[in-house]
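Colleague: Generate a structure from the sequence data that follows.
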Amino acid sequence: MSVPAATGLKRLHLDKTLFYALLVLAGLSLMVIYSATGKNLNATGAHFLRIVLGFIVLLIAAQIPPQTLERWAPYIFAVGIALLLAVAFKGVVGKGAQRWLSLGFIRFQPSEIMKLAVPMMAAWYLSRANLPPTWWRLALAALVVLVPVVIIARQPDLGTAVLVAAGGFFVLFLAGMYWRVLAALAVAVAAAIPFAWQFLHDYQRKRVLTLIDPQADPLGSGYHTIQSMIAVGSGGFYGKGWLNSTQAHLEFLPESHTDFIFAVFAEEFGLIGSLLLLGVYLVIAARTLLIAYMAQDTFTRLLAGSLALTFFINFFVNMGMVTGIMPVVGIPLPIFSYGGTAVLTLMASFGVLMSIHTHRKIAEM
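Modeller: Numbers count the residues shown, from 1 in each chain. Here you go, the predicted structure:
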């Protein structure tokens, strides 16, 4: 007697809506990677293997009860910090940045681990006492977030630093941060901008200036943004069709299979396809927020809410970057962009969300 698919997923602690939406994204990503890489089967096959490995990681993470994750949080955070420090001393340099550790047979990016470790640690710490947190606890939690963010930013990896900072901030916000604290932070950030500008690398300053006027340096810092906007606009209403992205195939669009893969999708599938893709991302974001709302305790509620909101920031910033309304900060499109560690970390976070949701249901039965 066959077991219904929904029942099978439930036994594996997988949320049906979230799982099927992720499958849709994975399938679409393989199509676009194949096109963006010029029908390169090796690159497409490598992305397929990463997706499969990502779903295995998701499945494993979904089996771990939230109570176990809560106990592990400080140790995962400590290992993450140790790996970041190892990168600073023994890291592999690539494209002018020192972000990777090499184990000989594999190279990975430890900063990606902090996308999960930082909100876990912040949620663990703040859930130890009543909410809203006191000023002292809030300051210590902020320190937990800032230490890895500063280390990652110095690699330099501004995109990952932004996402790690967002994940930590969302935990502090959901814990009941007072509005006067938010106002004070906004004033502090605004006051720090002139000083922070001095510490930015030249290419990072150019990215900010390019947002204001991409045409100021059309063959330099503005090139990525201009070519990306051309690709998105040339797709029109219905798109040019799959495998017909001229901007990618004629190599006008840099990083077409990584950071700017949404431009390839928009050129081939047009406004209609882009809206449908955006709809899939919004379904995932809405489902993860619902999981956070239904969480059973403070730790899982803070962690799930942070992961959900960080995912939203992830795809929103990438799409904004590609369409020219956000600066280029090197944030990939979740699951779509070609990459290794980022896919595994993201799928692990979805596994954690599914664990939070399905174990809650079991606890209530």
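Colleague: What backbone torsions are found at residue 99?
Modeller: phi -120, psi -10 (degrees, to the nearest 10).
Colleague: mind listing what it touches?
Modeller: Residue 99 sits next to 87, 91-92, 109, 111, 155, 157 when contact means C-beta atoms under 8 Å, 6 or more residues apart in numbering. Where C-beta positions appear, they are placed from N, C-alpha and C, glycine not excepted.
Colleague: And those, which of them are buried?
Modeller: 87, 91, 109, 111, 155, 157 (16 or more other C-beta atoms under 10 Å).
Colleague: Show me the strands in the stretch 1-150 of the chain, by range?
Modeller: 92-94, 97-102, 107-108 (DSSP state E, counting those that start in this stretch).
Colleague: Where is the longest helix in this structure?
Modeller: helix 261-293 (DSSP state H).
Colleague: Among the buried ones among the contacts of residue 99, which pair sits farthest apart?
Modeller: Spatial extent of the buried ones among the contacts of residue 99 (C-beta to C-beta) is set by the pair 91 and 157 at 11.0 Å.
Colleague: mind giving me TSV with the contacts of residue 99 and columns for pLDDT?
Modeller: Shown next, in TSV, are the contacts of residue 99 (pLDDT from 0 to 100):
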residue	pLDDT
87	90
91	80
92	80
109	88
111	92
155	86
157	86
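Colleague: Go through the strands of the stretch 1-150 of the chain and name the closest to residue 49.
Modeller: Using C-beta to C-beta, the nearest of the strands of the stretch 1-150 of the chain to residue 49 is strand 107-108, at 14.8 Å.
Colleague: List the neighbouring strands of that closest one plus their orientation.
Modeller: Taking DSSP bridges as the criterion, strand 107-108 forms sheet pairs with strand 97-102 (antiparallel).
Colleague: Give me the buried stretch members for the partner strand, please.
Modeller: Buried-residue list, strand 97-102, by 16+ other C-beta under 10 Å: 97-101.
Colleague: Just put those residues in CSV and tack on distance to residue 330 and pLDDT.
Modeller: Output for the buried residues of strand 97-102, formatted as CSV (distance: C-beta to C-beta, whole Å; pLDDT from 0 to 100):
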residue, distance to residue 330, pLDDT
97, 9, 76
98, 15, 81
99, 10, 83
100, 14, 82
101, 19, 86
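Colleague: Name the nearest of those residues relative to residue 75.
Modeller: residue 101 (18.6 Å).
Colleague: which ones are touching the closest one?
Modeller: When contacts are counted by C-beta under 8 Å, 6+ apart, residue 101 touches 83, 86-87, 90-92, 107-110.
Colleague: Residue 46 now?
Modeller: residue 338.
Colleague: Relative to residue 152, how far out is it?
Modeller: To residue 152, residue 46 is 25 Å away according to C-beta to C-beta, to the nearest Å.
Colleague: By mean pLDDT, point me to the weakest helix or strand of the protein.
Modeller: helix 202-212 (a mean of 68; mean pLDDT, DSSP states H and E).
Colleague: ok, and for the helix or strand just after it, which residues are buried?
Modeller: Going down the chain from helix 202-212, the next helix or strand is helix 223-234, by DSSP states H and E. Neighbour-count burial for helix 223-234, counted by 16+ other C-beta under 10 Å, picks out 223-232, 234.
Colleague: Count the neighbours of residue 103 for me.
Modeller: Applying other C-beta atoms under 10 Å, we find 7 residues neighbouring residue 103.
Colleague: circling back: next, format the buried ones among the contacts of residue 99 as TSV and append distance to residue 246.
Modeller: Formatted as TSV, these follow (distance: C-beta to C-beta, whole Å):
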residue	distance to residue 246
87	39
91	38
109	32
111	35
155	35
157	31
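Colleague: so which of the residues you listed would you say is closest to residue 308?
Modeller: Nearest member of the buried ones among the contacts of residue 99 to residue 308, counting by C-beta to C-beta, is residue 111, at 20.8 Å.
Colleague: show me what contacts that closest one?
Modeller: Residues near residue 111 by C-beta under 8 Å, 6+ apart: 84, 87, 99, 148, 152, 155, 157, 160-161, 164.
Colleague: Residue 166 now?
Modeller: Counting by C-beta under 8 Å, 6+ apart, residue 166 touches 309-310, 313.
Colleague: Give me the angle between the helix or strand where it lies and helix 261-293.
Modeller: Counting by DSSP H and E, the element that carries residue 166 is helix 158-174. Put simply, helix 158-174 runs at 20 degrees to helix 261-293, going by axes from the mean of the first three to the mean of the last three C-alpha atoms, to 10 degrees.
Colleague: Let me see the mean pLDDT of helix 158-174.
Modeller: Here helix 158-174 scores 92 as its mean pLDDT.
Colleague: burial of the residue lying closest to residue 244 once chain neighbours are set aside, as a residue count?
Modeller: In space, and not counting its chain neighbours, residue 244 is closest to residue 268: 6.0 Å by C-beta to C-beta, 6 or more residues apart in numbering. Residues near residue 268, counting by other C-beta under 10 Å, number 24.
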